[in-house]
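Asks: predicted structure and sequence below. I'll ask about it afterward.
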Amino acid sequence: MAINAQEISALIKQQIENFQPNFDVTETGVVTYIGDGIARAHGLENAMSGELLIFENGSYGMAQNLETTDVGIIILGDFTDIREGDSIRRTGKIMEVPAGDALIGRVVNPLGQPVDGLGEIVTDKFRPVETPAPGVMQRKSVSEPLQTGLKAIDALVPIGRGQRELIIGDRQTGKTSIAIDTILNQKDQDMICIYVAIGQKESTVRTQVETLRKYGAMDYTIVVTASASQPSPLLYLAPYAGVAMAEEFMYNGKHVLIVYDDLSKQAVAYRELSLLLRRPPGREAFPGDVFYLHSRLLERSAKVSDELGGGSITALPIIETQAGDISAYIATNVISITDGQIFLQDSLFNSGIRPAIDAGSSVSRVGGSAQIKAMKKVAGTLRIDLASYRELEAFTKFGSDLDAATQAKLNRGRRTVEVLKQPVHEPLTVEKQVVILYALTHGFLDSVPVDDILRFEEELFAFVEAHHPEIYETIRTTKDLPSEETMDAVVTDFVNQSSFK
């Protein structure tokens with residue numbers, strides 16, 4: 001078929017008119033140094049702080065230090081096959097993680113990649129790991145309770161939605177157990193939970209995930225894990241990745257509970273990065289900015305205003321102390337950032353009082369305004385009872401004779417300690433807690449032998465459930481206590497019908 005010159009000319013003109021230049025310009029640099037989880041690169045003149053970078057082998061990095069001659073990069077993942085002289089390019093994107101409902105029920109690493117073998121996570125929502133915390137005017141005061149299911153916490157150091165409550169204590173004192181029990185207690189509470197495991201053994205994380213799965217808590221939980229075998233950049237990043245995922249829910253009007261287990265290990269990982277990146281010690285590097293490291297993380301927990309949807313992030317950071325020293329540098333930092341602390345004492349733990357909460361050192365600065373009326377009424381005297389019991393207990397070791405009033409205080413104190421004990425993974429609904437604490441504070445347990453208190457508690461719950469379910473219903477719906485006459489009549493009725501007469 002013959003095509004004349006005119007047609008060819010017309011086709012070429014058409015092609016030129018429709019031509020769209022498509023230049024993909026990326027800034028590339030060269031790796032000049034590679035170390036334990038960090039790299040330095042030359043040539044990335046316009047890199048941004050926190051920008052995602054891609055190495056020649058496909059590994060990701062994040063720009064951490066912007067210096068005059070080069071860029072200090074933390075490597076997110078395997079760095080063993082990155083070599084000096086490899087190319088590295090900018091992505092133009094600030095470090096972000098996937099977010100949204102697709103992550104619920106999954107175990108992911110700090111990059112949002114699944115590590116549970118259940119396939120890819122498909123989501124079109126992403127959030128930057130570093131974002132400014134809500135401002136003062138975007139917040140609302142804490143007013144709704146977050147029930148942990150643990151009598152000792154809900155009565156003595158109540159937590160509200162949007163609060164930051166530190167769990168602090170030596171190793172092996174039950175810090176993680178409190179956090180896991182709180183997650184288990186959020187079942188049917190319209191709460192999404194995020195458990196961030198920082199520097200834990202992989203076997204430990206697996207055990208926690210199996211516990212959550214066994215009690216049906218993985219249906220509303222995301223687990224973010226950066227295990228002890230991971231490079232330190234991932235341990236440093238894990239809490240930020242967790243709170244970025246939480247913010248997606250909070251700004252959509254949902255309530256989130258996030259556990260950071262534990263921030264001492266994050267601080268150690270950050271110290272390692274600061275030393276490897278050769279940051280000069282001062283305000284802008286370890287140890288001066290560990291306060292900023294944790295404050296910019298924990299300040300992102302809030303109860304946001306109704307204009308922003310009224311959602312909340314409640315944070316339970318965990319800090320490990322050495323020999324009960326809560327005046328250590330990182331411990332005091334986090335105490336000053338949070339709205340209260342739950343202090344666990346190893347001497348209490350070892351004597352069988354679990355959860356081993358030291359009522360004297362534990363405090364909740366804003367949770368009282370979120371505590372339900374019924375609990376306020378029954379828990380009013382608990383702290384004083386416990387404090388006077390501890391004081392008298394120390395005094396009685398001298399073996400002096402005791403008058404009747406002192407004896408009564410000691411008896412009440414022993415029973416208070418016994419009632420506040422709770423087996424692991426057995427959180428109680430708030431209405432059951434109120435019923436047993438009412439019986440305690442109104443003297444119904446004073447004549448019950450200490451060894452029988454657990455049995456008394458179980459039988460009382462069963463009795464109220466069977467014969468007076470309206471008591472539970474009233475507390476659940478009105479958040480208040482039925483009249484004292486009603487409560488006294490029910491507990492007296494139980495005592496008369498039981499073997500505790």
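Replies: The structure has been received and is ready for your questions.

Asks: run through the bridge partners of Ala315.
Replies: Bridge pairing for Ala315 (DSSP bridges) gives the partners Arg164, Ile258.

Asks: ok, it - how many residues close by?
Replies: Neighbouring residues of Ala315 were enumerated by other CB atoms under 10 Å; the total is 30. (Each C-beta comes from the backbone N, C-alpha and C, glycine too.)

Asks: contact partners for Asp306?
Replies: Asp306 makes contact with Lys140 under the criterion CB atoms under 8 Å, 6 or more residues apart in numbering.

Asks: any idea of the pLDDT on it?
Replies: For Asp306, the pLDDT comes out at 95.

Asks: Gln15 too?
Replies: 79.

Asks: what about it, how many residues nearby?
Replies: Gln15, neighbours per other CB under 10 Å, totals 9.

Asks: what does Val491 give?
Replies: When neighbours are counted by other CB under 10 Å, Val491 comes out with 23.

Asks: is it true that it touches Phe463?
Replies: No - counting by CB atoms under 8 Å, Val491 stays clear of Phe463, with 9.2 Å between them.

Asks: pop the domain breakdown of the protein in here.
Replies: Domain assignment for the chain, taken from the TED database, gives 22-94, 98-371, 378-497.

Asks: Gln15 is nearest to which of these?
Replies: domain 22-94 (14.6 Å; CB to CB).

Asks: just give me how far that closest one sits from the chain centre.
Replies: The chain centroid and the centroid of domain 22-94 are separated by 31 Å under CA atoms, centre = their mean, to the nearest Å.

Asks: and the nearest residue to Thr204 once chain neighbours are set aside, what is it in contact with?
Replies: Excluding the flanking residues, the one nearest Thr204 by CB to CB, 6 or more residues apart in numbering is Ala197, at 7.6 Å. If you count contacts by CB under 8 Å, 6+ apart, Ala197 has them with 204-205, 208, 223-227, 238, 261.

Asks: could you do Thr182 as well?
Replies: 146, 148-150, 257, 259, 316, 427.

Asks: dump those residues to a markdown table, plus distance to Gln341, neighbour count and pLDDT.
Replies: Converted to a markdown table, these look like this (distance: CB to CB, whole Å; neighbours: other CB atoms under 10 Å; pLDDT from 0 to 100):
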| residue | distance to Gln341 | neighbour count | pLDDT |
| --- | --- | --- | --- |
| Leu146 | 16 | 26 | 96 |
| Thr148 | 14 | 28 | 97 |
| Gly149 | 19 | 24 | 97 |
| Leu150 | 15 | 25 | 97 |
| Leu257 | 17 | 28 | 98 |
| Val259 | 15 | 28 | 98 |
| Leu316 | 11 | 27 | 98 |
| Pro427 | 20 | 24 | 96 |
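
Asks: nearest to Leu118 among these?
Replies: The closest of those, once distances to Leu118 are taken by CB to CB, is Val259, at 21.5 Å.

Asks: wait, the closest one touches Asp181, no?
Replies: No - with contact defined as CB under 8 Å, Val259 does not count as touching Asp181 (10.9 Å).

Asks: cheers, nothing more for now.
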